[in-house]
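Compute the structure for the input listed below.
(2 chains)
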Amino acid sequence: MKSWLAKFTRSQEDVERALRRPAPAPKAALELHASIMRAVRAARHEEQPRRKPFSMWLMVSGVGVSLAAVCAGLLLWPHATTPPTVMASSELAQAPGTALDLGAQVPGLLMAPLSNELARVDHDIHHTTQVLLASFP
Amino acid sequence: MTVDYQNLNDEELARESQAGSLTAFEELVRRFENRIYAFLFQCCGNATDARELTQDTFVRAFQALEQFDIRRSFAPWLFTIARRKSIDHFRARQPVVEDSAPEQTDWNDPAALLTQREEAQNVWSVARRALPPGQFQALWLQYVEEMNVAQIATALGKTQTHVKVMLWRARHILSKKLPAPRRLAETPAATSRTAIIKGGSL
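Predicted structure coming up:
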């Protein structure tokens, strides 16, 4: 048993030693480097035109997607984009009248200071309305 | 500012190449062309195919450079490409089936003895003939390229355990195929002399 083990160990050592010796290194031909680099440069040139249409495709598809998103937004939330309702000029003209009616209905004692204030406000609103109406074309 | 590419390691050069530097890639080619060529020459056995495969390997590496993870070693990645190229090459061409049956050595024939001695000197030619391609490549990557088991596993696309088994089997086969230097010395006369010395009769 011992002799078998010794023989096995010895043979393994022999193989290990043989494998550790410098391996035969077949030198590549001198022109190999040049031919590799030529091929690499050719591959690079082939690759560049291939990348250009890809970027173009990416840009076009990006624009398309963003347009689709805008359309979807308009369809799904129509109220979000509608402009706020503008008060008609006739309604503006009615506003001071409404304030005067309110003052006449409330008793004078209680409402006197308030009605004076309201009269002043009413006067201001009336002037503002006149100015606004005059500024419209 | 100019970068001195000769001072960069392989992974740094790969990173520079990924950024678009052809000079960095050329430095990688310079470092690896002979190693890849030697590996492929041992795999396919002829210089023309080895040259062609070496060129294809570097072109493929250049095209796939973006896929390389710079946190890993560059050499196993490149050897993976080289190995795949050699597999594709042999798949495309029908392999020449050689009669690999070992010839019986006539120990009285000086020519046979000389051949055996030459083979002992070039263990790789014996390995190429005696071992399956995977085992041969694993041995080459370990002893010539000095890769560790993990790197060999990456290059060969196997698990580390598989690689260890392959290496053990390859060494075991080689130990049987190689003519042991001591065996020649162990003639019956020499053996009996050793036994007498050990027994203390002399």
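
Is the longest helix seen in chain A in proximity to chain B?
What stands out as the longest helix in chain A, according to DSSP state H, is helix A:30-76. Yes - counting by CB under 8 Å from any CB of the partner chain, contacts between helix A:30-76 and chain B involve A:L32, A:H33, A:S35, A:I36, A:M37, A:A39, A:V40, A:R41, A:A43, A:R44, A:E47. In this view, the C-beta of every residue, glycine as well, is placed from N, C-alpha and C.

What are the buried residues along the host helix or strand of B:I173?
Of the helices and strands defined by DSSP states H and E, B:I173 is found in helix B:160-177. Buried positions in helix B:160-177, judged by neighbour count with 16 or more other CB atoms under 10 Å in any protein chain shown: B:H162, B:V163, B:M166, B:L167, B:A170, B:R171, B:I173, B:L174, B:S175, B:K177.

tell me the least confident of those?
Confidence by pLDDT is poorest for B:K177 among the buried residues of helix B:160-177, given 82.

can you tell me how far the residue nearest to that one when sequence neighbours are not counted sits from chain A?
Using CB to CB, 6 or more residues apart in numbering or on different chains and skipping residues adjacent in sequence, the residue nearest B:K177 is B:A130, 4.6 Å away. Separation of B:A130 from chain A (CB to the nearest CB, to the nearest Å): 11 Å.

from memory B:A130 sits against B:H172, does it?
No - if you go by CB atoms under 8 Å, B:A130 and B:H172 don't touch, sitting 10.9 Å apart.

what does chain B have sitting close to chain A?
Counting by CB under 8 Å from any CB, chain B sits next to chain A at B:22, B:25-26, B:29-30, B:33-34, B:37-38, B:41, B:47, B:50-51, B:54-55, B:58-59, B:62-63, B:120-124, B:139-140, B:143-144, B:171, B:174-176, B:178, B:180-182.

among those residues, which are in helices?
B:22, B:25-26, B:29-30, B:33-34, B:37-38, B:41, B:47, B:50-51, B:54-55, B:58-59, B:62-63, B:120-121, B:123-124, B:139-140, B:143, B:171, B:174-176, B:181-182.

By mean pLDDT, flag the weakest helix or strand of chain B.
Lowest mean confidence among the helices and strands of chain B (mean pLDDT, DSSP states H and E): helix B:188-199, at a mean of 40.

Chain A now?
Per mean pLDDT, DSSP H and E, helix A:78-81 ranks last in chain A, at a mean of 54.

where does chain B have low pLDDT?
Where chain B drops to pLDDT under 70, the residues are B:1-2, B:94-121, B:179-202.

Show me chain B divided up by domain.
B:1-92, B:122-182 (automatic domain parsing).

how about these in TSV, adding distance to A:Q12?
Shown next, in TSV, are these (distance: least, CB to CB, whole Å):
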stretch	distance to A:Q12
domain B:1-92	22
domain B:122-182	6
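
For the nearest residue to B:F74 once chain neighbours are set aside, list the residues it contacts.
Counting by CB to CB, 6+ apart, the nearest residue to B:F74 once its immediate chain neighbours are dropped is B:D10, at 3.9 Å. Contacts for B:D10 (CB atoms under 8 Å, 6 or more residues apart in numbering or on different chains) come out as B:L28, B:R31, B:S73, B:F74, B:A75.
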